[in-house]
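Novice: My questions concern the predicted model and sequence given below.
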Amino acid sequence: MPIKFNVIIAKRNRTKEFETCLHYLNLANEGNKHDVNIYITSDSDEIISLPEEYLNLGVHTFYLEVSGPFNKSKLLNHSIEKMRLDFDALTVVDIDMVYVPEFFNNMVDYLSKNDYIVSTGFKLKPQGTEVLKNTLPSFEVIKNMENEEFLVGPSQITIKNSCYKLFIDLFGAPLYNINYRGWG
């Protein structure tokens with residue numbers, strides 16, 4: 001029986017990274033092995049046009065007007081409010097992560113043993129690597145075979161429905177602190 005995934009994405013004028021993310025998520029659900037819905041909240045009123053090749057994903061986009069500095073937490077909370085709450089697994093992802101086609105299969109395997117997962121992602125060639133490394137000590141810089149630098153760090157969280165209910169009972173809603181100012 002397929003697992004129902006709700007995937008939350010906060011977008012801010014990052015079309016190339018956004019399309020890369022969707023491409024890998026689409027590959028990850030090739031053949032519609034799972035019931036995957038992507039909930040995207042954007043603070044840009046640009047029309048998000050999606051090619052027809054994303055047939056393995058149910059994609060829902062929402063515009064949220066946010067005044068002042070970019071606030072990823074508001075966008076994430078907005079997506080969580082908009083999504084259907086019937087899911088087996090809720091995954092929050094950064095759009096500039098490189099995903100593998102086995103993404104959802106790996107999630108299913110891990111979720112059979114755990115109530116939640118905090119997974120490590122590989123960021124695409126970052127600008128200002130030194131600034132980020134010094135600001136965020138939890139991130140490490142690694143080099144690939146071509147000697148290009150990448151940041152590695154905890155970036156995605158996946159939780160089961162029962163764990164989500166526990167979070168709400170313990171901490172209430174919204175889940176994300178709206179005073180936090182993320183960079184995207």
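Specialist: Structure received. Numbering: from 1, shown residues only.

Novice: OK, contacts around residue 99?
Specialist: The neighbours of residue 99, taking C-beta atoms under 8 Å, 6 or more residues apart in numbering as the test, are 21, 24, 25, 27, 28, 93. C-betas here are computed from N, CA, C, even on glycine.

Novice: Dump the helix or strand containing residue 108 to PDB, restricted to CA.
Specialist: Using DSSP states H and E, residue 108 falls within helix 103-111. What follows is helix 103-111, C-alpha atoms only, in PDB (Å, rounded to 0.1, in the frame of the first residue of the first chain):
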ATOM      1  CA  PHE A 103      14.200   9.800  -1.900                       C
ATOM      2  CA  PHE A 104      10.700   8.500  -1.000                       C
ATOM      3  CA  ASN A 105      11.700   4.800  -0.900                       C
ATOM      4  CA  ASN A 106      14.400   5.800   1.600                       C
ATOM      5  CA  MET A 107      11.900   7.700   3.600                       C
ATOM      6  CA  VAL A 108       9.600   4.700   3.700                       C
ATOM      7  CA  ASP A 109      12.400   2.500   4.900                       C
ATOM      8  CA  TYR A 110      13.500   4.900   7.600                       C
ATOM      9  CA  LEU A 111       9.900   5.600   8.800                       C
END
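
Novice: tell me the mean pLDDT over that helix?
Specialist: Helix 103-111 carries an average pLDDT of 86.

Novice: gap between it and the chain center?
Specialist: 15 Å (C-alpha atoms, centre = their mean, to the nearest Å).

Novice: ditto for stretch 45-64
Specialist: On C-alpha atoms, centre = their mean, the centre of stretch 45-64 falls 15 Å from the chain's centre.

Novice: From one end of that stretch to the other, what's the distance?
Specialist: End-to-end distance of stretch 45-64 (C-alpha to C-alpha, to the nearest Å): 8 Å.

Novice: Could you give me the buried positions within that stretch?
Specialist: Of the residues in stretch 45-64, those buried by neighbour count under the rule 16 or more other C-beta atoms under 10 Å are 48, 54, 56, 57, 58, 59, 61, 62, 64.

Novice: contacting residues around it?
Specialist: By C-beta under 8 Å, 6+ apart, stretch 45-64 touches 11, 13, 18, 22, 25-27, 29-32, 35-44, 65, 74-75, 78-79, 82-83.
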